[in-house]
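> Kindly generate the corresponding structure for this input.
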Amino acid sequence: LRMASLGCERQARGFPSAEEICTKRGLRKGLAEALAPFQRGGVEFVAERKGSALLADEMGLGKTVQAIASMSMYHEEWPVLVLTPSSTRFHWEHEFLHWLGASSPIHAEEIRAERKRPRAAGLSFPGMGGMRVPGMRVQRVGVPAAPVREAAVRLLKKKEVHVLANGRDVPPAEARVVVCSYGLVPALVKSGVLAPGKFRCAVVDESHMLKNLNSRRTKTILPVLRATKRCLMMSGTPAFARPIELFPQLSVLGRGEWWEDEGVYRRKYCAGKGR
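Modelled structure (predicted):
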């Protein structure tokens with residue numbers, strides 16, 4: 001009943017416009033305008049949960065672009081780790097460069113406008129020896145201030161998106177997006193490339209692949225994900241059959257605040273059984 005009421009509340013509220021999400025969340029104009037209304041709603045959903053959420057839209061509805069737009073809100077906390085199946089590693093590289101790349105045609109108009117925009121001349125104070133204060137603006141009395149726009153993400157260069165190729169690969173210092181396949185996780189954790197505290201932001205594509213708490217992959221990556229500040233899970237099928245399959249994903253998003261441990265979750269949602 002509570003989930004149904006939350007859904008009705010969100011529908012009544014409607015989806016934010018491209019202009020609203022640019023101003024309020026700092027998205028690039030070209031990216032915001034390319035999003036469908038429900039995708040802007042998805043980005044707003046992630047923002048309301050401070051960057052930690054589960055996107056469970058069905059396949060083909062654009063979870064990837066929603067994830068990229070959502071993580072761009074937290075660009076000051078990058079590098080962002082992208083965990084994905086091996087077959088889609090280079091797809092993620094392509095998508096980041098398409099939606100946030102410096103050479104992407106999506107941002108051409110915005111870049112031209114930024115280049116034409118005159119720089120703030122600053123103010124001069126004769127009583128202070130003509131000292132100028134660059135960028136200072138004067139707000140006229142009685143005139144409402146324009147909405148403060150969050151700083152938009154600096155667009156990516158190709159060398160700033162790094163796809164890890166093997167278990168000995170180390171991301172370069174300039175990397176702002178690091179893409180890693182699930183198969184490389186154990187080796188990269190062992191080598192220290194992936195370690196708790198190294199990444200503050202993460203995107204977990206096909207997050208249902210972490211459903212088995214006893215698998216080596218899940219055991220090694222969960223501490224890394226739990227140490228992030230923002231973690232976005234993505235899966236069209238977050239649980240295939242049993243409620244317990246959701247626990248690893250929810251344990252990351254809940255940061256230990258939703259349940260004390262796995263046993264509490266099992267007793268509440270699995271009748272105390274491992275199902």
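> how near is K116 to E109?
Distance, K116 to E109, using C-beta to C-beta, to the nearest Å: 11 Å. (Each C-beta comes from the backbone N, C-alpha and C, glycine too.)
> Please settle this for me: is H107 part of a strand?
No: for H107, which was evaluated using DSSP: H, G, I helix; E, B strand; the rest coil, the result is helix, with no strand membership.
> measure it to P79 for me?
Counting by C-beta to C-beta, the gap from H107 to P79 is 21 Å.
> Now for F247: which residues touch it?
Taking C-beta atoms under 8 Å, 6 or more residues apart in numbering as the contact definition, F247 lies against L213, E262, Y265.
> what helix or strand does it sit in?
Following DSSP states H and E, one finds F247 within helix 247-254.
> ok, and for that helix, which residues are buried?
Going by neighbour count (16 or more other C-beta atoms under 10 Å), the buried part of helix 247-254 is F247, P248, Q249, L250, S251, V252, L253.
> quick check, distance from it to the centre of its chain.
16 Å (C-alpha atoms, centre = their mean, to the nearest Å).
> Then stretch 85-105?
Mean-position distance between stretch 85-105 and its chain equals 14 Å (C-alpha atoms, centre = their mean).
> and what of stretch 77-91?
The answer for stretch 77-91 is 11 Å, by C-alpha atoms, centre = their mean.
> residues in contact with it?
Everything outside stretch 77-91 that qualifies as a contact, by C-beta under 8 Å, 6+ apart, is 64, 71, 74, 92, 163-164, 171, 175-183, 185, 194, 199-206, 209, 221, 224-225, 228-230.
> ok so, going back, quick one: mean pLDDT over the following helix or strand past the helix holding F247.
Past helix 247-254, further along toward the C-terminus, the next helix or strand under DSSP H and E is helix 262-269. Along helix 262-269, the predicted local confidence has a mean pLDDT of 78.
> For helix 262-269, buried residues please.
Burial within helix 262-269, assessed by neighbour count using 16+ other C-beta under 10 Å, is assigned to Y265, R266, Y269.
> what sits against the closest residue to the first one other than its chain neighbours?
Of all residues not flanking Y265 in the chain, W259 sits nearest, at 4.7 Å (C-beta to C-beta, 6 or more residues apart in numbering). Neighbouring residues of W259 by C-beta under 8 Å, 6+ apart: S251, Y265, K268.
> what ranges do the helices span in the stretch 151-275 of the chain?
185-191, 216-226, 247-254, 262-269 (DSSP state H, counting those that start in this stretch).
> What residues sit buried inside the shortest one?
Translated: helix 185-191. Going by neighbour count (16+ other C-beta under 10 Å), the buried part of helix 185-191 is V185, P186, A187, L188, V189.
> Pick the one among the residues you listed closest to S235.
Within the set of the buried residues of helix 185-191, V185 lies nearest S235; the separation is 16.9 Å, counting by C-beta to C-beta.
> right, and that closest one touches L222 too?
No: the pair V185 and L222 does not pass the contact test of C-beta atoms under 8 Å, sitting 10.2 Å apart.
> Leaving aside the residues adjacent along the chain, what's closest to the most centrally placed residue in the chain?
The central residue of the chain, meaning the one whose C-alpha is nearest the mean C-alpha position (C-alpha atoms, centre = their mean), is M71 at 2.3 Å. Residue nearest to M71 in three dimensions, not counting chain neighbours: V80, with 5.1 Å by C-beta to C-beta, 6+ apart.
> and the one you found, how far is that from Y269?
Counting by C-beta to C-beta, the gap between V80 and Y269 amounts to 31 Å.
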